[in-house]
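S.K.: sequence plus predicted model, see below.
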Amino acid sequence: MDERDREGTGEPVRHETTIINAGGERGGGGATILALVVALLVGVAAFLYFGGYLGGNGDTDINVNIKTPDINITPPGGGNSTQ
């Protein structure tokens, strides 16, 4: 019996073909997600390192020396009252 002939009826044998589309036409979807995850991890690691949580630059002593201007405010009614 020939494969082209099904049980002598002269009808061709039909085979099913399953096509699995894994998104090959668009491309780059997995790479974009991977890049975002890596960037997020690097950002968190940098925050932890520079914040001193991982033994990095833990220099949190900030000294701000600002000289305030001399402002004399007199209450309404004039000067100091001693009642």
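M.R.: That came through fine. The structure displayed is predicted, hence computed values, not measured ones. Numbering: from 1, shown residues only.
S.K.: now do the end-to-end distance for stretch 46-63.
M.R.: From its first residue to its last, stretch 46-63 covers 24 Å (Cα to Cα, to the nearest Å).
S.K.: mean confidence for that stretch?
M.R.: The average pLDDT for stretch 46-63 rounds to 73.
S.K.: renumber starting at 38 from here on
M.R.: Yes, from this point I'll number from 38; that puts the last item at stretch 83-100.
S.K.: tell me the SS of Ile70?
M.R.: Taken by DSSP: H, G, I helix; E, B strand; the rest coil, the conformation at Ile70 corresponds to helix.
S.K.: how many other residues sit next to it?
M.R.: 10 (other Cβ atoms under 10 Å). C-beta here means a position set from N, CA and C on the backbone, and glycine is covered the same way.
S.K.: how much space separates it from Gly89?
M.R.: Distance from Ile70 to Gly89, counting by Cβ to Cβ, to the nearest Å: 31 Å.
S.K.: again with Ile110
M.R.: Taking Cβ to Cβ, one finds Ile110 at 41 Å from Gly89.
S.K.: of these two, give the one with the bigger neighbour count.
M.R.: Set side by side, Ile110 and Gly89 show more neighbours around Gly89, with 12 against 4, by other Cβ under 10 Å.
S.K.: can you list the low-confidence ranges for the protein?
M.R.: 38-47, 60-65, 93-97, 99, 115-120 (pLDDT under 70).
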